[in-house]
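1. sequence and computational prediction follow.
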Amino acid sequence: MSGAAVPSALVRDVRLLAVALVYELRKVTTWRAGFVVRELMRGMWRPIVMVFVYRTILVQPTDRLGSYDFRGMVAYLVLAASFEKLLFHQRGLDLSDQIFQGYVTKYLTMPLRFFVLALARFVQHVLLQGGVVVLLWCVGALLLPYWWPQPASALALVEAAVLVLLGSYCYFLVCFLVNVLAFWLDVVWTLSAMTSFVFSFCAGVLVPVSVMPAMLRDTLEWLFPYWAVNAPAELFLGRLGHADFLRGIVVLGLTIVLLELVRQILWRRGLAKYVGAGM
Amino acid sequence: MGALLHHLRLAREFARVGVIRKSQFRVEFLTQVVMDAAWYLVHIVTFEILYAHTESIAGWDRAQIRVFLGFLFLSDAFWMIWLGQSWHFGRELKDGVLDSLRLRPGSPIFVYFFQRFSLEACINGLMAVAWLVWALSGLEGSFSLGGLALLAWALALSFWTRTVLSVLFTIAEFRAINSDLSNVAWEVSMTLSDRPVDVFPLRFRQLLTSIVPVAALSTLPAALVLGRITPLEGALHSAWIFVLGLGVFAWWKRSFRGYTSALG
Amino acid sequence: MLIRMADAGKTFRVWRRKEGLKGFFTNFVAREWTQVTALANVNLEIRRGEFVGLIGANGAGKTTLIKCVSGITPVSSGSASLFGVDSFALGDGEKRRLALVMGQRSQLWWDLPAIDSFRLLREIYSIPSELFERRVEEAAKRLAVTEKLQRQLRQLSLGERMKMEIIGAFLHEPDVVFLDEPTIGLDLVSRETIRRYLVELNRERGATIVLTSHDMEDIEETCRRLVILRQGRVLFDGDLVGLKARVYDRRSIEIHLEPSSRAWDDSLAPRLAPLGATLERSAPLTLLFSVPASNVQTFVPLLFELFQIRDLAIERHPLELLIRQIFQSGQAPAPLPAEEPKA
């Protein structure tokens, strides 16, 4: 017997996470053009197009869409686009392909928790996109100071960031769950794509939830997408207050607990049914 | 003529294979139908919300924007039915999957881009047709053969443009392997085409009408049917986009010659 | 001449990855590019109806050679032609006479039953329906996969998949077929079936076949001509029968030692030299010698004298040993007196 103590599961997970994170960072930067296209430009276009749409609606300074004038709407769209970039991207996880092609098999014989490898993708995404958002933010604030939104207070900035990060983790779990369905379904990219644009609508990325009809608005405020994009943007702008932040924490916290439970159950059942590819 | 028949037979075979493939993945069949239906719904709801606050967006009223959405949905359904393979181009180029195109007879553009027929998108196509018919019935004026011909022309323009753009965007991947440029360009074009191009500043509008003819996916066809542009203007746009398409196909074939397969 | 390569070379441009955190940034910002030579001055001519084995260690350039000559990728220097046409400018007419099977990459559709992929190929190659049905039936019968035609490709075993690939490749009765490691990972029975099928097709239809494999049995049982590549160059191009003759006058003697026996040490080598024997492989309790057939009678008693032997086996010298020597030394075998060297 070796005298060396086996590290605890948590320590092993953290070590694996660190190693996998470096690997993931190297991987995304291997293809430089792909890095610029995927990591820098993704998620920017729809808000820009919506700026032009709103410009044709909010022509006069007195024109309003809900409580937004054109300048307020631009500020909202900038924030929504930035926060959406921080959300995990459904194409960042190729777990369904790995299950379908049978590549998961090799990990099942290793003494590791597979979820840690997926988690490394999430951490990589948040780190990289965090850097990108900060960079874009500085450039935007320098070039377009009139249009660029400023945080209502330092506290509002922190609260918005906390909600976005928790929301991003929720969406990551949703992506993971959709991918895990590949244990039962042969192809799940359609579900992934659908999740993506339904999420985007519910999060108010293109149209603020406050502009939507009352019944729809009241429903969306109980779902996590609203607290991942719309609410942080309005917190940042000072349109929502500290009480709303606390409500957001509760909604996101409960969502994480629920999704985590479902994830563990689905993963276990999926593995029990898994046969890999080939005969 | 022989080549045309050969490619039509190939298309029939791709459709047959697509039907067989989807008969094996029943859940995917249903989820894809639901996915596109949800995509339609998001667009409809977004515009309905905006029209609850305004009468007109860039000169398009609610009835006209519904026709516009009809063309957008049909154009998307055409892409899903026939051109879904283009979504996989970047990865397959990187992995050397295009090797077989070099070895097999026939037009590599046709054989590659049209190989993935999607049966479920036909269902979505039917939904899109129903929406377009409903939107057109909400317009003033009566049904005529001339109107029907105009509609057929508008659809042909939209489908041709969709094919040309799908091929055009993949050329970027030849230059920058695994860059995702093709898919991002596709996403951008979809984003630009799902609002009338009249919302954009003049120069950008001209770019989208003449150089990268995103406008011909939904704005121009809808404008042609709605009488927002004259048939002569429509004919000039169509002729230009047809020539542009031939140029794009020639460019793609040239780029394909430079493809070096996966290393090994 | 069906296939001709003249001074053909192929280079790839790759960047050198650097380690560490600094490397992470320099890899992104300032890459160091280098040229990798996959093929260099390759001269090769293959006639109609030949069955050519192409072997070499990993990275020797086998797959690149096949890609260049089949028109998948152009040569960087020199020329490569197929059917008398520049390989990289093949028209539809030439493509109808050509097929490629890659052991590590399926040419068929992964999520379709093989028969549906074949029907698609029938349209691509414009094969008349009656001919198509007959060829599929016959080939499936010969390869014993008739029952599997209706099953999704991904649900087949590796061997069955490869048989389907081969059926698909021969459906349009090509004049030239390139097979890149078609037996990789297959069991003995599947390998044997595929080899027999290829030999029959070559004999019956006169199809020219170029086969790469790491399994020397594949080469020995199918090919008449052997091309050995090393670091992108043709090291040997000649008659396989001649090469076999070179090794068939030798014998391999493998001995298993008792644990109490003396072990091999280099001081024993001079005792073997007069008999023309060489040590080919040594493990703690196993030794493999190569010895001229005429000296076996003298050599075996010497072994019993030197070691305590538990078991002994004498076999014809496998071709594989000679090939291994060639790979390791990089030296082409000297031609036999009657042999006409091609490279």
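-> Sure, I can see it.
2. going forward, measure contacts between C-alpha atoms and count neighbours the same way
-> Fine.
3. how many residues are close by residue 219?
-> Let's take chain A. Counted with other C-alpha atoms under 10 Å in any protein chain shown, the neighbours of A:T219 add up to 11.
4. not quite, go with chain C.
-> Neighbours of C:I219 (other C-alpha under 10 Å): 23.
5. how about the one 3 residues further on?
-> Neighbour count of C:T222, defined by other C-alpha under 10 Å: 21.
6. now swap in C:E123 and tell me
-> When neighbours are counted by other C-alpha under 10 Å, C:E123 comes out with 20.
7. skipping its backbone neighbours, what lies nearest it in space?
-> When the adjacent residues along the chain are set aside, C:E123 lies closest to B:L10, with 5.8 Å between them (C-alpha to C-alpha, 6 or more residues apart in numbering or on different chains).
8. for the one you found, give its distance to C:A57.
-> Counting by C-alpha to C-alpha, to the nearest Å, the gap between B:L10 and C:A57 amounts to 40 Å.
9. neighbour count winner among the two?
-> Here B:L10 and C:A57 are set side by side on neighbour count (other C-alpha under 10 Å), and the busier one is B:L10, at 23 against 17.
10. separation between that one and chain A?
-> As judged by C-alpha to the nearest C-alpha, to the nearest Å, B:L10 and chain A stand 25 Å apart.
11. now the host helix or strand of A:L259: buried residues?
-> Remark: A:L259 resides in helix A:242-273, with elements defined by DSSP states H and E. Buried residues in helix A:242-273, defined by neighbour count with 16 or more other C-alpha atoms under 10 Å in any protein chain shown: A:245, A:248-249, A:251-253, A:255-256, A:259-260, A:263, A:266-267, A:270-271.
12. how about the nearest residue to whichever residue of the stretch 101-250 of chain B sits closest to chain A, chain neighbours excluded?
-> For the stretch 101-250 of chain B, the nearest residue to chain A under the criterion C-alpha to the nearest C-alpha is B:S179, separated by 3.2 Å. The spatial neighbour of B:S179 that comes closest, neighbours along the chain excluded (C-alpha to C-alpha, 6+ apart), is A:G34 at 3.2 Å.
13. kindly report the same for C:S106.
-> Spatially, and ignoring its direct neighbours in sequence, C:S106 is nearest to C:E165 (7.1 Å; C-alpha to C-alpha, 6+ apart).
14. number of nearby residues for that neighbour?
-> C:E165 has 24 neighbouring residues, counting by other C-alpha under 10 Å.
15. SS state for it?
-> C:E165 carries the three-state label helix when classified by DSSP: H, G, I helix; E, B strand; the rest coil.
16. ok, it - contacts?
-> C:101, C:106-108 (C-alpha atoms under 8 Å, 6 or more residues apart in numbering or on different chains).
17. switch the cut-off to 7 Å
-> C:101, C:107-108 (C-alpha atoms under 7 Å, 6 or more residues apart in numbering or on different chains).
18. doesn't C:S81 lie inside a strand?
-> Yes - C:S81: assigned to a strand according to three-state DSSP.
19. for burial, what's the neighbour tally of it?
-> Using other C-alpha under 10 Å, C:S81 is surrounded by 22 other residues.
20. count of residues packed around the nearest residue to it once chain neighbours are set aside?
-> In space, C:S81 comes closest to C:S87 once its chain neighbours are excluded; the distance is 4.5 Å by C-alpha to C-alpha, 6+ apart. By the criterion of other C-alpha under 10 Å, C:S87 has 25 neighbours.
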